[in-house]
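K.L.:
Fold the following, please.
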Amino acid sequence: MTLKRRALNLPNKLTLIRIFLVPFLMVFLLISNSRPFHYTAALIFIAAVITDWLDGHIARSTSQVTTLGQLLDPIADKLLIAAALISLVQVGRVPAWMVVLIVGRDIVVTGLRGIAASQGLIIQASDLGKYKMVFETSAVVFLILNWPSSSQWPSLTPGIFLLWVAMGLAIVSGVDYFIRFWARIDLGR
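P.N.:
Got it, this is the predicted structure:
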């Protein structure tokens with residue numbers, strides 16, 4: 001019983017809230033193309049991103065890092081971004097191929113992390129991966145709000161521009177992660 005209480009500390013509860021917000025985000029993105037729904041979806045997404053920052057900050061600053069948190073946090077992050085981007089494809093604001101590259105990279109990196117963890121190795125996220133997340137979340141907010149493009153580049157909205165940067169960082173950080181994984185893993189195990 002004590003282990004359960006410690007595992008469901010405040011940072012882990014915040015992570016679970018982030019997971020719980022995902023279906024609501026999708027509903028408000030997909031149900032209507034009206035501004036109030038866009039604003040609500042953006043607020044839900046921003047609230048979820050804030051829980052991501054808060055859970056990590058609280059866990060590290062109060063020494064409440066748990067195995068459950070280390071498992072759930074990246075899953076919640078990937079679920080939030082994937083659900084938002086896939087919903088944005090559905091409403092026609094993002095090209096599907098960009099989402100496939102970003103989500104595919106996340107799935108591959110998660111798989112590599114699982115293999116490394118099975119050998120007792122932790123390969124930390126690089127700064128590139130952290131920058132990717134900042135650009136992804138910024139892009140999603142702009143894309144949800146359907147921020148208009150400039151008259152010079154009508155097909156390049158701020159959200160699409162930020163998503164191009166995030167996609168580039170996703171590819172580069174994915175390659176970097178694979179190289180660091182390959183250098184440390186024992187394929188014979």
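
K.L.:
My guess is A59 contacts T15. True?
P.N.:
No. Under the criterion of CB atoms under 8 Å, A59 lies out of contact with T15, with a separation of 9.1 Å. Heads up, the C-betas are built off the backbone N, CA and C, glycines and all.

K.L.:
list the residues that contact both of the two?
P.N.:
Shared contacts of A59 and T15 (CB atoms under 8 Å, 6 or more residues apart in numbering): G69.

K.L.:
More neighbours: those two, which one.
P.N.:
Neighbour comparison, A59 and T15: the larger count goes to T15, with 25 against 21 (by other CB atoms under 10 Å).

K.L.:
separation between the more buried one and V27?
P.N.:
The gap separating T15 from V27 is 21 Å, by CB to CB, to the nearest Å.

K.L.:
correct me, but L128 touches G168?
P.N.:
No. Judged on CB under 8 Å, L128 makes no contact with G168 at a distance of 9.9 Å.

K.L.:
So for the two, which residue has more residues nearby?
P.N.:
L128 (18 against 14).

K.L.:
In the protein, mark out all the strands, start to finish.
P.N.:
Counting by DSSP state E, the chain has no strands to list.

K.L.:
Low-confidence ranges, it, go.
P.N.:
For the chain, the stretches with pLDDT under 70 are 1-7, 148-155, 186-189.

K.L.:
Go again with 80.
P.N.:
1-7, 67, 70, 117, 122-125, 147-156, 185-189 (pLDDT under 80).

K.L.:
Can you show me the helices along it?
P.N.:
2-7, 10-30, 35-61, 67-90, 96-118, 127-145, 158-184 (DSSP state H).

K.L.:
starting at the chain centroid, how far to the fifth one?
P.N.:
So the one you mean is helix 96-118. 11 Å (CA atoms, centre = their mean, to the nearest Å).

K.L.:
hey, C-alpha coordinates of that helix in CSV?
P.N.:
Once non-C-alpha atoms are left out, helix 96-118 reads as follows in CSV (Å, rounded to 0.1, in the frame of the first residue of the first chain):
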residue,chain,number,x,y,z
ALA,A,96,-0.2,13.9,-43.1
TRP,A,97,3.3,13.1,-44.3
MET,A,98,4.8,15.6,-41.8
VAL,A,99,2.9,14.0,-39.0
VAL,A,100,4.0,10.5,-40.1
LEU,A,101,7.6,11.6,-39.9
ILE,A,102,7.3,13.2,-36.5
VAL,A,103,5.1,10.5,-34.9
GLY,A,104,7.2,7.7,-36.6
ARG,A,105,10.4,9.2,-35.1
ASP,A,106,8.8,9.3,-31.7
ILE,A,107,7.7,5.6,-32.0
VAL,A,108,11.2,4.6,-33.1
VAL,A,109,12.9,6.5,-30.3
THR,A,110,10.5,5.0,-27.8
GLY,A,111,11.3,1.5,-29.1
LEU,A,112,15.1,2.2,-28.8
ARG,A,113,14.6,3.5,-25.3
GLY,A,114,12.8,0.2,-24.4
ILE,A,115,15.6,-1.9,-25.8
ALA,A,116,18.2,0.2,-24.0
ALA,A,117,16.2,0.0,-20.7
SER,A,118,16.0,-3.8,-21.0
